[in-house]
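Enquirer: predicted model, plus sequence, below.
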Amino acid sequence: MNWSEKDGEQPALAPSTRLVTAGRDTQAQKGFVNPPVVRGSTVLYPTAEDLHAHRGEFSYGRHGTPTTKALQQALMALEGPQCAGVAITPSGVSAISTALLGVVKAGDHLLVCDNAYRPTRLFCDQMLKRLGVETSYFDPLIGAGIAEHFRPNTVAVMVEAPGSQSFEMTDIPAIAEVAHARGALVIDDNTWATPLYHRSLEQGVDISIQAATKYIGGHSDIMFGTISANQTAWGKVTDAVRLLGVCAGPDDVFLALRGLRTLAVRLAHHHKSGLEMARWLAQRPEVQRVLHPALETDPGHAIWKRDFTGASGLFSIVLKQAPQKAVDALLDTVRLFGMGYSWGGFESLVIPFDCNTYRTATKWNPGGPTLRLHIGLESVDDLKADLERGFAAFNAAS
Ligand SMILES: *Cc1c(COP(=O)(O)O)cnc(C)c1O
């Protein structure tokens, strides 16, 4: 299965092909397509000489197994040639905290976009603050204007595009240019698009993070995170991973790899169904606005079109002004849209949100109640019918 010397140079494969072929070592697996779920701590050395020389592909369970190696190789192939390595962590938040701890020291300053995932902010405002690192927040629409927020001790800028509730698009290449000119690193939470639809490392990002709990796993059955880094940042990431002792359980590693194999077909479906639902919702009288960067009318559309090759199934809507009981009637009526946190699985979800509960650099004035939707793999006709029932209950209670 793996390309060998005698096959000649490996052809440039499309990302969807790499998702299927990468990280497979058929011979080592005695012909089986998938790697075994290796449960292990101790790795034995055959001779004293091997032990002294730390000879061997694996040294200790925490540092890697044949299962983690397969996943890391597959993710590296997906990220592309800029990727120097991929670290595995037990959740998306641990990927973020580990990456941040790898790049900051006491006395440093960190810039974080105002629409960042809320637990990212909590980590900065509580843990990093305690360690003597100051965080300040910036408008996600700032672009090259980020320059004004730099201080002599700014070491990194953290971005997330689009924001996972409000869906503004950030000009990541413009921010990366400013950051690199000042010797700072760029960290991107790329969970919404995945490396399949947004090639962060090719757009100036040094460290690209996935809450693999979402689309990589894809089945709402694991907690998982990954940190991909370029040559500049990889040493900092591996140091943090080793010093903090971060690793993940073998079943979750296996499930992340299994999810990765079907990422291209699932995301294509999320993209298509998500956009169809977004366009349908934009026509509904109960909806004021749809926040989805792949819609031509969205303020972030030009950046999305320039920097991304697809959209996932997560977006938000602003409803017409209505009392809370009308919104709750909608939520209590829908059946295919489950009410719950997280996203990226096969199932549709809906959740109300209010960015004003945590934003500090920008005001959030949507002008009506806001709902975030995840469009799963169900038929869009069924999903529309479900929301139609929800809207009937919303109107009855308005
Ligand atoms: C869910 C999520 C995370 C955190 O992932 P967990 O696996 O839940 O820790 C980080 N960033 C974004 C954008 C997310 O949606």
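Expert: Everything's here; your move.
Enquirer: just the element for Ser208, please.
Expert: strand 207-210 (DSSP states H and E).
Enquirer: and that strand, what does it pack against?
Expert: Applying 3 or more CB pairs under 8 Å, 6 or more residues apart in numbering; DSSP states H and E, we find strand 207-210 packed against helix 92-103, strand 185-189, helix 194-197, strand 225-229. The C-beta positions use only the backbone N, C-alpha and C, and glycine is treated the same way.
Enquirer: what lines up beside whatever helix or strand comes next after the longest one in the sheet?
Expert: Looking back up the chat, that one is helix 92-103. Going down the chain from helix 92-103, the next helix or strand is strand 109-113, by DSSP H and E. Strand pairing for strand 109-113, determined by DSSP bridges: strand 134-138 (parallel), strand 154-159 (parallel).
Enquirer: out of these, nearest to the ligand?
Expert: strand 154-159 (10.9 Å; CB to the nearest ligand atom).
Enquirer: buried residues in the closest one?
Expert: Residues of strand 154-159 classed as buried under the neighbour-count rule (16 or more other CB atoms under 10 Å) are 154-159.
Enquirer: centre of the chain to that strand, how far?
Expert: Chain-centre distance of strand 154-159: 17 Å, with CA atoms, centre = their mean, to the nearest Å.
Enquirer: can you put the strands paired with strand 109-113 in CSV and add distance to the ligand?
Expert: Formatted as CSV, these follow (distance: least, CB to the nearest ligand atom, whole Å):
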stretch, distance to the ligand
strand 134-138, 16
strand 154-159, 11
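Enquirer: dump the ones you listed to CSV, plus mean pLDDT.
Expert: Below are those laid out as CSV (pLDDT from 0 to 100):
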stretch, mean pLDDT
strand 134-138, 98
strand 154-159, 98
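Enquirer: of those strands, which is nearest Ala87?
Expert: strand 154-159 (16.5 Å; CB to CB).
Enquirer: first-to-last residue distance for stretch 221-239?
Expert: 29 Å (CA to CA, to the nearest Å).
Enquirer: repeat that for stretch 157-173.
Expert: 12 Å.
Enquirer: kindly report the residues of the stretch 101-250 of the chain close to the ligand.
Expert: With CB under 6 Å from any ligand atom as the criterion, the stretch 101-250 of the chain comes near the ligand at residues 117, 160, 164, 189, 191, 211, 213-214, 223, 225.
Enquirer: taking the residues you listed together, which two end up most distant?
Expert: Using CB to CB, the two most remote members of those are Glu160 and Met223, lying 19.0 Å apart.
Enquirer: which one of the two is surrounded by more residues?
Expert: In this view Glu160 and Met223 are compared by other CB atoms under 10 Å, and Glu160 has more residues nearby, 25 against 18.
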